[in-house]
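Peer 1: Any chance you could fold what I've pasted below:
(2 chains)
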2 protein chains.
Amino acid sequence: MSRSPGPPMPEARAGRRAVHEERTRRFIVDATKELIRTEGLAQLNTRRIAETASFAVGTLYNYFADFSEILAYVAADYLDEVYTVVLHDIEGIDNFEQRIRRATGIYAGYFLKNPEAFKVVFMAPIDPIPVALEQHLLIPRVAVLVHETFVQAGETGLVPKHHCELIEDMLGSTVHGMLLFHITGRSHSTAEAVLDRIDEVIRLLLSG
Amino acid sequence: MSRSPGPPMPEARAGRRAVHEERTRRFIVDATKELIRTEGLAQLNTRRIAETASFAVGTLYNYFADFSEILAYVAADYLDEVYTVVLHDIEGIDNFEQRIRRATGIYAGYFLKNPEAFKVVFMAPIDPIPVALEQHLLIPRVAVLVHETFVQAGETGLVPKHHCELIEDMLGSTVHGMLLFHITGRSHSTAEAVLDRIDEVIRLLLSG
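Peer 2: Numbers count the residues shown, from 1 in each chain, chains lettered A, B, ... in the order given. Prediction:
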């Protein structure tokens, strides 16, 4: 978030300004998501975002360093969205295997329904990842949720403790590999077939 | 491959023409690979390809339907390259686990060294996949090689037959998921760490 230089402001005014900046950034992220939804990521650029948000392109740069930073915030937003959906959906599921199968299915289903979101979060050239979003993008909250579930399973002996990390890693990379193939058209499997396959993988992985 | 309409040609002339077309297509594919190597996929377009190959943009379209078709042929070429490397490297390795570990390591290593190739083969918008390349791009020769190795392992009882297909699938999607994360900067692992992790995954998968 860039700030124009100037004399120190009274606290209330600085606070109002921060709120305004935050709101404008939110507005730009939402406009960008709407554009991605309607036109796809391939057509996206700062000119189209500025047009949609009724800003001059230069104004965008008061709020974001560049196109890549906008994408980073949009990616973080998609990750928040899928986290909220997953969290809501696994509430009350205590059984380890059920919890992992459900969380993974909901997560994969989200990206199968929103392939452009997958492209933003995992494929788009976001470089550098803004420091403020590093944790958010590199260790997404869904990954933390799954990790905690695995740690618990390791503690209670449901998964061999020394394999927990590797199995968790494999689960993550398999799911994203399958999503990649499907979303970029490198496999002809239907979305349903992908979900079924992911479920089979989990059952095999968790069967010991 | 497009052909301008015209009267039927004598066979020898048609043959020379086919050879010329094939040679020109090869030349364009090579020029495109060179551009990707030096400037990256993000900067690539038909104008840059035409400039590099010293053609008018319109001339490119005598040989390829569009940009996507050029990318498809470049992708097929990278897949041929990695296949040749893998095949050469596993020659004489008869032990199943050694063969799979080596093939996978060489394969992953190729894309870690050539991240732009990974982007062309697995991420770039190739749509539609040309009919002539469907087999080539959707069931790459390395995948066939791995598949045959697994079938043999299934026959001889080294891998439970009913799990062969699923394990093979997991291996493929895990490797590509890990490559994706690394290549798009969504993980901070080094290339070496990715290769080690892939090897660990294979050993776990093949341990039954």
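Peer 1: What distance do you get for A:A103 to chain B?
Peer 2: 17 Å (C-beta to the nearest C-beta, to the nearest Å). Glycine gets a C-beta too; all of them are placed from N, C-alpha and C.
Peer 1: Likewise for A:H88?
Peer 2: 25 Å.
Peer 1: Provide the secondary structure category for that residue.
Peer 2: With DSSP: H, G, I helix; E, B strand; the rest coil as the basis, A:H88 sits in helix.
Peer 1: So the spatially most central residue of chain A, which state does it fall into?
Peer 2: Centroid-nearest residue in chain A, with C-alpha atoms, centre = their mean: A:L79, separated by 2.5 Å. State at A:L79, reduced to three classes by three-state DSSP: helix.
Peer 1: Who are the contact partners of it?
Peer 2: By C-beta atoms under 8 Å, 6 or more residues apart in numbering or on different chains, the contact set of A:L79 is A:V121, A:H136, A:L137, A:P140, A:R141, A:V142.
Peer 1: For chain A, give me the ranges with low pLDDT.
Peer 2: For chain A, applying pLDDT under 70 flags the ranges A:1-9, A:208.
Peer 1: for chain B, what are the nearby residues on it?
Peer 2: A:42, A:122-127, A:129, A:137-138, A:163, A:166-167, A:169-170, A:172-178, A:180-181, A:184-188, A:197, A:200-201, A:204-205 (C-beta under 8 Å from any C-beta of the partner chain).
Peer 1: Could you rerun that using 6 Å?
Peer 2: Contact residues (C-beta under 6 Å from any C-beta of the partner chain) of chain A with chain B: A:122-123, A:166, A:170, A:173-174, A:176-178, A:180, A:184, A:186, A:200-201, A:204.
Peer 1: With just CA atoms, put stretch A:46-58 into PDB.
Peer 2: In PDB, the C-alpha atoms belonging to stretch A:46-58 read as follows (Å, rounded to 0.1, in the frame of the first residue of the first chain):
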ATOM      1  CA  THR A  46      -4.700  -2.800 -15.500                       C
ATOM      2  CA  ARG A  47      -6.400  -0.800 -18.200                       C
ATOM      3  CA  ARG A  48      -9.500  -3.100 -18.100                       C
ATOM      4  CA  ILE A  49      -9.500  -3.000 -14.300                       C
ATOM      5  CA  ALA A  50      -9.300   0.800 -14.200                       C
ATOM      6  CA  GLU A  51     -12.100   1.100 -16.800                       C
ATOM      7  CA  THR A  52     -14.300  -1.300 -14.800                       C
ATOM      8  CA  ALA A  53     -13.600   0.500 -11.500                       C
ATOM      9  CA  SER A  54     -14.000   3.900 -13.200                       C
ATOM     10  CA  PHE A  55     -10.500   5.000 -12.200                       C
ATOM     11  CA  ALA A  56      -7.600   6.400 -14.200                       C
ATOM     12  CA  VAL A  57      -5.000   3.700 -14.600                       C
ATOM     13  CA  GLY A  58      -2.600   6.000 -12.700                       C
END
